[in-house]
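Participant: Okay, sequence plus prediction incoming.
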Amino acid sequence: MILSNPFFLVLVTVCIFVAIRVALYKTGLVFLVKKWWRRFEDCFHVYQSFKVPELNESMQENHLYGKVTDYLNSLTSIEESDFTNLVTGKKPNEIVLKLDRNQTIEDDFLGAKVLWETGASTDSTSRSLVLKIRKADKRRILRPYLQHIHVVADELEQKKRDLRLFMNVEAPNRAWRAVPFTHPSTLETITMEADLKSKVKSDLESFLKARQYYHRLGRVWKRSFLLYGPSGTGKSSFVAAMANFLNYDVYDLDLSRVKDDSQLKTLLLQTTTKSVIVIEDLDRYLAEKSTGLSFSGISNFMDGLLNSCCAEERVMVFTMNSKDHVDPAFLRPGRIDVHIHFPLCDFGAFKNLATSYLGVKEHKLFSQVEEIFLNGSSLSPAEIGELMIANRNSPSRAIKSVITALQTDGDGRGIGMFGRRVGFDVGSRKSGDEMVEPGGVFCGEGAHTVRDFRKLYGFLRMKSNRSSHSQSFDAGSANRDG
Ligand SMILES: Nc1ncnc2c1ncn2[C@@H]1O[C@H](COP(=O)(O)OP(=O)(O)OP(=O)(O)O)[C@@H](O)[C@H]1O
Ligand SMILES: [Mg+2]
């Protein structure tokens, strides 16, 4: 009676399925079943195999083997492999997975499944890899798949390499001297508006992927940044952070060591791809006019006009304290693509610094600090950072020392920053745009407007209350600009 009841039968069947499923997953038998299923499925497909030996016929290294190995070790499916090696990576505490011999690893490409088998070569001394592609997919995916491996392996190689810092020297036979570049600054350690930081990040990311795009437009694949702002606001640290993010070498070009335009050309010619070329304090050089370099020499250098071989895949960065007195021709779109303003600290930046330097997100003294910032006082992140580092064992003491410094050294400096912020930017800045392509400008200014008005209000209040402070404001401002 019970057996003939359909509800009972359904219930029993469901229970049996659930029990089998639990048993399969709990015991790991599911992997065995998957393996058998794959073998069964493979019976209905014809595979074509391609061997990638470690050594070629003249016993030299086959570069493709290294690239494929790097590529396979980067696949997430390596974790599914029956046997993998765990080895230490380059970074401290990093552990990476590496395929062992006689393993099979699966990969998906354009909807097709491919298999890689690792094994010893026929002579059993060198190793080899075997790619198995279904015959039905071969024509469609083989070439693009190998191309894809090349691209991914090159990217991985780029990430692995040790960065170098090049400085121009006045030696007869060589233009640049290199030292290892180990600056610890990263985009994460730089205090700047979160929105602006993510814009810079995505700008750099899209630059890295834009080779075809630039070439289609007939443009050299390079991007130029202008970092401007008072001393100690993080411009140089940001250059290092950019280089670390891009994984590019840095060429630090000291213009005072360049005799003439032709030497400048030679220096550019001797830079390599995947590099950040930096000229610090360009405004100072242009103001001094004491070098043998001409306007066209410098602007051609900035354009990377010589030809694509020496300007491709480069990021150029120019830093300035102020762009007010710089000929706008130097700053026009195309010559400088992105302008980034590095202001003195406001309360938001102070809080970010307190979080990273002191580990405090909130503090009872913060309201007092905010009040002082609203009154127009400010210091550079470098100045505040130093006070915090010196007092890092006691956040209260650190914040008190910042308050004292703001009241003494920082009086009126924030107003100077404000004065610059409301001023019009270079001609390349289009109204309302924070970023314009090409020749885009993204400055943190737009987002600050409300805060700026509050600062202006604070400043006017301060001026009317304490007219004697107008002198210290001027001095602060002069200090900053000088
Ligand atoms: N925005 C910031 N975020 C985090 N640290 C900062 C920031 N600005 C400055 N610092 C710290 O202050 C120090 C000096 O900064 P940096 O040399 O980058 O300033 P700069 O703008 O290049 O100054 P200058 O115009 O004098 O060359 C660095 O040690 C850096 O860590
Ligand atoms: Mg600097």
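Facilitator: Received, thanks. Ligands and ions are numbered 1, 2, ... in the order given.

Participant: Enumerate every residue touching the residue in the chain that ligand 2 sits nearest to.
Facilitator: In the chain, the residue that lies nearest ligand 2 is S236 (3.2 Å; CB to the ion). All C-beta spots, glycine's among them, are computed from the backbone N, C-alpha and C. The contact partners of S236, by CB atoms under 8 Å, 6 or more residues apart in numbering, come to E280, T319.

Participant: Could you give the secondary structure assignment for it?
Facilitator: Following DSSP: H, G, I helix; E, B strand; the rest coil, we place S236 in the helix state.

Participant: can you check L131 too?
Facilitator: Going by three-state DSSP: L131 is strand.

Participant: buried set for stretch 243-262?
Facilitator: 243-246, 248-253, 255, 258, 261 (16 or more other CB atoms under 10 Å).

Participant: Endpoints of that stretch, how far apart?
Facilitator: By CA to CA, to the nearest Å, the extent of stretch 243-262 from end to end equals 27 Å.

Participant: With stretch 66-85 instead?
Facilitator: Distance across stretch 66-85, first residue to last, is 17 Å (CA to CA).

Participant: ok, A398 to G348 distance?
Facilitator: Relative to G348, A398 is positioned 18 Å away (CB to CB, to the nearest Å).

Participant: Would you mind telling me which of those two has more residues around it?
Facilitator: Shown here are A398 and G348; by other CB atoms under 10 Å, A398 has more neighbours (24 against 17).

Participant: Return the residues in contact with N85.
Facilitator: L97, K98, L99, D100.

Participant: ok, back up a step: Throw the buried residues of stretch 243-262 into CSV and include secondary structure and distance to K209, thanks.
Facilitator: Output for these, formatted as CSV (DSSP: H, G, I helix; E, B strand; the rest coil; distance: CB to CB, whole Å):
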residue, secondary structure, distance to K209
A243, helix, 18
N244, helix, 18
F245, helix, 14
L246, helix, 12
Y248, coil, 15
D249, strand, 20
V250, strand, 21
Y251, strand, 23
D252, strand, 26
L253, coil, 27
L255, helix, 32
V258, coil, 33
D261, helix, 34
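
Participant: Would you mind measuring from the nearest residue to W116 once chain neighbours are set aside to K35?
Facilitator: Nearest non-adjacent residue to W116, counting by CB to CB, 6 or more residues apart in numbering: I105, 4.9 Å away. Distance of I105 to K35, computed by CB to CB: 14 Å.

Participant: residues in the chain within reach of ligand 2, list them.
Facilitator: Residues of the chain lying near ligand 2 by CB under 5 Å from the ion: K235, S236.

Participant: what residue lies at the spatial centre of the chain?
Facilitator: In the chain, the centroid-proximal residue (CA atoms, centre = their mean) is F245; its distance is 2.8 Å.

Participant: Spatially nearest residue to that one, not counting backbone neighbours?
Facilitator: L187 (5.4 Å).

Participant: Ramachandran angles for the one you found?
Facilitator: phi -60, psi -30 (degrees, to the nearest 10).

Participant: quick one, what contacts it?
Facilitator: Going by CB under 8 Å, 6+ apart, L187 touches K197, V200, K201, A241, M242, N244, F245.

Participant: so the last one touches D203, yeah?
Facilitator: No - F245 is beyond contact range of D203, at 10.8 Å (criterion: CB atoms under 8 Å).

Participant: where does F225 land in three-state SS?
Facilitator: strand.

Participant: how near is L72 to ligand 1?
Facilitator: Between L72 and ligand 1 the distance, using CB to the nearest ligand atom, to the nearest Å, works out to 39 Å.

Participant: swap that for S206, sorry
Facilitator: S206 is 23 Å from ligand 1, by CB to the nearest ligand atom.

Participant: Dump the helix or strand harbouring that residue to CSV, restricted to CA.
Facilitator: Using DSSP states H and E, S206 sits in helix 194-208. What follows is helix 194-208, C-alpha atoms only, in CSV (Å, rounded to 0.1, in the frame of the first residue of the first chain):
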residue,chain,number,x,y,z
ALA,A,194,39.3,58.7,-2.3
ASP,A,195,37.4,59.7,-5.4
LEU,A,196,40.5,61.3,-7.0
LYS,A,197,42.6,58.4,-6.1
SER,A,198,40.3,55.9,-7.7
LYS,A,199,40.2,58.1,-10.8
VAL,A,200,43.9,58.1,-11.1
LYS,A,201,44.0,54.4,-10.5
SER,A,202,41.5,53.6,-13.2
ASP,A,203,43.2,56.1,-15.6
LEU,A,204,46.5,54.2,-15.1
GLU,A,205,44.8,50.8,-15.5
SER,A,206,43.1,51.9,-18.7
PHE,A,207,46.4,53.3,-20.0
LEU,A,208,48.1,49.9,-19.5
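
Participant: check contacts around the residue nearest to the centre of the chain.
Facilitator: For F245, the residues meeting the contact criterion (CB under 8 Å, 6+ apart) are T186, L187, K201, L204.

Participant: Could you report the distance from the second one to L142?
Facilitator: In this structure, L187 lies at 39 Å from L142, with CB to CB as the measure.

Participant: ditto for the last one
Facilitator: Here the distance between L204 and L142 works out to 33 Å (CB to CB).

Participant: How about the first one?
Facilitator: Using CB to CB, T186 is found at 39 Å from L142.

Participant: list the contacts for A405?
Facilitator: Residues in contact with A405 (CB under 8 Å, 6+ apart) are L379, E383, I384, L387.

Participant: Select from the residues you listed the one having the most neighbours.
Facilitator: In terms of neighbours by other CB under 10 Å, the contacts of A405 top out with I384 at 28 neighbours.

Participant: And what about that residue, helix, strand or coil?
Facilitator: For I384, the assignment made with three-state DSSP gives helix.

Participant: was I right about it contacting V402?
Facilitator: Yes - using CB under 8 Å, I384 makes contact with V402 at a distance of 5.6 Å.

Participant: just the helices in the stretch 251-400 of the chain please.
Facilitator: Assigned by DSSP state H, counting those that start in this stretch, the stretch 251-400 of the chain shows helices spanning 261-269, 282-288, 295-303, 347-353, 366-374, 381-390, 395-408.

Participant: wait, which of the ones you listed is closest to L165?
Facilitator: helix 261-269 (14.8 Å; CB to CB).

Participant: mean confidence for stretch 12-26?
Facilitator: For stretch 12-26, the mean per-residue pLDDT is 86.

Participant: Make 450 the first number, not 1, from now on.
Facilitator: Sure, I'll start counting at 450 from here, so that last one is stretch 461-475.

Participant: And the contacts of it?
Facilitator: With CB under 8 Å, 6+ apart as the test, stretch 461-475 has contacts from L478, V479, V482.
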